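Peer 1: model the following, please.
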Amino acid sequence: MVKEFCNWVLYEKLGWKKNITVGNYDKYIICFAPHTSNWDLFLGLLFAHAEGMTPNFLMKKEWFFWPLGPIFKKMGGIPVYRSKHTRMTEAMAETAKKREKFVLCITPEGTRSLNPDWKKGFYYIAQGANIPILLYGVDYKQKLIQCTKVIIPNGDIESQMKEIKLYFKDFKGKKPEKFTIGDIC
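Peer 2: As a prediction, the model looks like this:
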């Protein structure tokens, strides 16, 4: 019932489209960009439910206050304590290894503000767990959610981060002025 409702809202009422050409995996990281607005969370969750996905997502701990904290946790949110070195990437990789199914959505910019220096934790989690990274781009201008590329971490992080950033270069976030892939040569 939830899947059908979200499908109806996202595709019929709001007019979004999808272009998903990658196969199904039991375990993977979703690299979701651009992330320029709080609306991205709701759009992403609406899409996930419409597609029958149940991903977890990382979110700064400051959002986990009452009454939102329990709601975000129920929705799959995992608080991130950015001021502490908590070994979160290692813990998430170990969790992924132990589970039969594991889906974690991460926005590589790590913020809704303009940030050319993308976080690499999603890559390290995928590499540590030996799972693929699926690149999900959101384009508000075209009302399109697209995933046509899978990255298998091979340890050459600089080259693969460049490949990841180039994949997202043409997507338009809700606030396009807040998105950059930085200077890549």
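Peer 1: the bottom helix or strand of this protein by mean pLDDT?
Peer 2: None of the helices or strands of the chain scores lower by mean pLDDT, DSSP states H and E than strand 77-80, at a mean of 65.
Peer 1: now the very next helix or strand once past that one: average pLDDT?
Peer 2: In the C-terminal direction, the helix or strand that comes right after strand 77-80 (DSSP states H and E) is helix 88-98. Confidence for helix 88-98, expressed as mean pLDDT, is 85.
Peer 1: between the helix or strand just after helix 88-98 and helix 88-98, how many degrees?
Peer 2: From helix 88-98 onward toward the C-terminus, using DSSP H and E, the following helix or strand is strand 102-106. For strand 102-106 against helix 88-98, the angle by axes from the mean of the first three to the mean of the last three CA atoms, to 10 degrees is 150 degrees.
Peer 1: tell me what strand 102-106 is packed against?
Peer 2: Counting contacts by 3 or more CB pairs under 8 Å, 6 or more residues apart in numbering; DSSP states H and E, strand 102-106 packs against strand 27-33, strand 56-60, helix 88-98, helix 121-129. (Glycine included, C-beta is placed from N, CA and C.)
Peer 1: most packed of these?
Peer 2: Of all the helices and strands packed on strand 102-106, strand 27-33 carries the top mean neighbour count, a mean of 24, counting by mean count of other CB atoms under 10 Å.
Peer 1: buried stuff in the next helix or strand after it?
Peer 2: Next helix or strand after strand 27-33 toward the C-terminus (DSSP H and E): helix 39-50. For helix 39-50, a neighbour-count test (16 or more other CB atoms under 10 Å) marks 40, 41, 43, 44, 45, 46, 47, 48, 49, 50 as buried.
Peer 1: ok, those vs residue 113, which is closest?
Peer 2: The closest of these to residue 113 turns out to be residue 40 (CB to CB; 13.0 Å).
Peer 1: from what I see, that closest one and residue 33 are in contact.
Peer 2: No - using CB atoms under 8 Å as the test, residue 40 is too far from residue 33 to be in contact (9.1 Å).
Peer 1: now do the shared contacts for these two.
Peer 2: Residues within reach of residue 40 and of residue 33 at once, by CB atoms under 8 Å, 6 or more residues apart in numbering, are 107, 138, 173.
Peer 1: pretty sure the second one contacts residue 43?
Peer 2: So that's residue 138. Yes - proximity of residue 138 to residue 43 meets the contact threshold set by CB under 8 Å, at 6.5 Å.
Peer 1: joint contacts of these two?
Peer 2: Jointly contacting residue 138 and residue 43 under the rule CB under 8 Å, 6+ apart are residue 145.
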